[in-house]
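**Q** Just to be clear, the model below is a prediction. Sequence and coordinates:
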Amino acid sequence: MKRILQITGIILSLLYGFGILWLYVRQPRSLEEFKIQAAVEANVYSIKQENFDEAVRQFNAGQYAVAIEQFKLADAAERDPATQFYIAYAYYLLGRGRFNDDDELFQKGLAAIERCLANAPNQIYETGRSDLEIKSAAALRQRLKAGLEVTPSDFNPFNWFKKTP
C-alpha cells in the first residue's frame with residue numbers, strides 16, 4: 001500500500017510539472033486562449049460555425065473588413081484552411097487598387113494564405129465556390145506575391161481601368 005501511494009505521488013508530481021512546463025512554453029494570455037490551445041493540443045479544435053457563417057455573409061456583401069474580423073473570431077487558433085483562405089482573399093480584395101496595391105494588406109493576406117496552406121492536407125487548398133475569381137490558395141499566393149513586386153506593368157495607364165472591389 002505504501003509503495004502504491006509513493007508511485008501515485010510521483011506520477012501526480014510529474015503530471016503537475018508537465019502542466020507547468022506546458023503553460024510556460026505556450027504562455028496563454030487569457031483563459032479563452034488557454035482553452036483554445038488545450039483544444040488544439042488535444043486535437044478537438046473546431047471553428048465557431050456561427051461566426052464563420054456571418055463572415056461569409058459579410059464577405060459576399062462586399063464588407064471585407066467586417067468579414068475578416070468575423071473570420072478571426074471563427075478561427076481563433078488560425079488552423080482552419082477555409083477560414084484562412086477567406087481572410088487572405090478579403091485582404092487581397094481590400095488591398096488591390098486602381099493605381100497601386102496596398103502592400104500592408106497584401107502582406108497580411110500572404111501571411112493568412114501561408115497559414116491556409118500549412119494547415120491544408122498536402123499543402124493544397126481549393127475552394128468549391130464558382131463565383132470567386134481565384135479558386136486555389138496557390139494561385140492566390142502568387143497573386144499576392146505579384147502585387148508586392150514593382151513591375152513595369154504597374155505604370156501601365158490601361159491598368160487604371162481594371163475592376164476594383
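**A** Cool, got the structure.

**Q** Mark out where each domain of this structure begins and ends.
**A** Domain assignment for the chain by automatic domain parsing gives 2-41, 49-161.

**Q** how about low-confidence regions in this structure?
**A** Applying pLDDT under 70 to the chain flags the ranges 22-26, 28-29, 31-44, 98-99, 151-165.

**Q** Tell me the spatial nearest neighbour of the most centrally placed residue in it, not counting adjacent residues.
**A** Closest to where the C-alpha atoms of the chain average out (CA atoms, centre = their mean) is Gln84, at 3.4 Å. Of all residues not flanking Gln84 in the chain, Cys116 sits nearest, at 3.7 Å (CB to CB, 6 or more residues apart in numbering). In this view, the C-beta of every residue, glycine as well, is placed from N, C-alpha and C.

**Q** wait, the one you found sits on Gln123?
**A** No: using CB atoms under 8 Å, Cys116 is not in contact with Gln123; the gap is 9.3 Å.

**Q** Tell me which of those two has more neighbours.
**A** The neighbour comparison of Cys116 against Gln123 (other CB atoms under 10 Å) goes to Cys116, with 26 against 13.

**Q** what's that one sitting at in phi/psi?
**A** Main-chain torsions, Cys116, degrees, to the nearest 10: phi -60, psi -50.

**Q** hang on, the earlier thing: could you pull up the residues touching the residue nearest to the centre of the chain?
**A** Neighbour list for Gln84: 75, 78, 112-113, 115-116, 119 [criterion: CB atoms under 8 Å, 6 or more residues apart in numbering].

**Q** Which two among the residues you listed are spaced furthest apart?
**A** Asp75 and Ile113 (13.8 Å; CB to CB).

**Q** thinking again about what came up before, could you look over the domains of the chain and pick the most buried one?
**A** Mean neighbour count (mean count of other CB atoms under 10 Å) peaks for domain 49-161 among these, with a mean of 17.

**Q** chain center to that domain, what's the gap?
**A** A distance of 10 Å separates the centroid of the chain from that of domain 49-161, by CA atoms, centre = their mean, to the nearest Å.
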